[in-house]
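Asker: Predicted model and sequence below, questions to follow.
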Amino acid sequence: MKKVKLKNKGTEFTVGKIVCVGRNYVKHAEELGNETPEFPLIFLKPSSVLAFSGEAVVHPDYSSELHYEAELVLLIKNRVKNAVLAEASEAIGGYGVGLDMTLRDVQNELKKKGHPWTLAKCFDSSAVVSDFISTEDYSLTLEETIKLYLNGEPRQNEKLKKMIFKPAEIVKYISSKMTLEPGDLIFTGTPAGVGKTVRGDKLVAEIENIGLIETIIK
Ligand code: MG
């Protein structure tokens, strides 16, 4: 079982499910030709695909279009079902930065057929995370900037406040559909600027005051 750490706390959480939100920034929905959703668009990754900063992302040979997506990640600390907004907010135990690695060519084929995105989103090392900063130590303002650098070149740069659905709203919504448990992670969607990455590339994703990931593509 994979574990994530809360910085400065010595607390570890065994990772449960990884719930991901798609199309949560208007400009990113537009750049892929998608409509802005009325409700959060939700998909899952298994915890077995998790990788950590410093580990490589392995590009599967059945795809020729691997994309990076830098995202704010929420660590759930309380069991919640049908949470009201205050309970949803209280259930967030930490914030981290993540990479939702995506096989865009595979996803486009699956979308055309009306099939689930599973094979485009769930491959080993397809979810990379940093350590998490405790919500006891840091209050998110949404003025923080999320950035991604590809081989040192800036590719994504956006304020978290540009999220359509904010963290507590996302937790509230997901908990109305499935129970969230301590150790679950929520990827909250990526801003515009996603793109292709190839073997040998170096990716750095960071959110000010929260964390940083470095990885290479293998
Ligand atoms: Mg994503």
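Answerer: Looks like it arrived, so ask away.
Asker: what residue lies at the spatial centre of the protein?
Answerer: Phe187 (2.9 Å; C-alpha atoms, centre = their mean).
Asker: quick one: contacts for it?
Answerer: Ile18, Val19, Cys20, Val21, Lys45, Glu71, Leu72, Val73, Gly98, Asp100, Ala127 (C-beta atoms under 8 Å, 6 or more residues apart in numbering). (Glycine included, C-beta is placed from N, CA and C.)
Asker: one more time with 10 Å
Answerer: Residues in contact with Phe187, defined by C-beta atoms under 10 Å, 6 or more residues apart in numbering, are 18-22, 24, 43, 45, 69, 71-74, 96, 98-100, 121, 127, 129, 170.
Asker: does it have beta-bridge partners, and which?
Answerer: Cys20, Val73 (DSSP bridges).
Asker: just Ala127 next, same as before
Answerer: Leu50, Asp100.
Asker: can I assume it is in contact with Glu55?
Answerer: No - with contact defined as C-beta atoms under 10 Å, Ala127 does not reach Glu55; the gap is 11.3 Å.
Asker: Comparing the two, which residue is more hemmed in?
Answerer: Legend: neighbour count by other C-beta atoms under 10 Å for Ala127 and Glu55, higher for Ala127 (28 against 15).
Asker: Identify the residues contacting that one.
Answerer: 2, 15, 18, 20, 45-51, 57, 71, 73, 98-101, 121, 185, 187.
Asker: Thanks again, I'm all set now.
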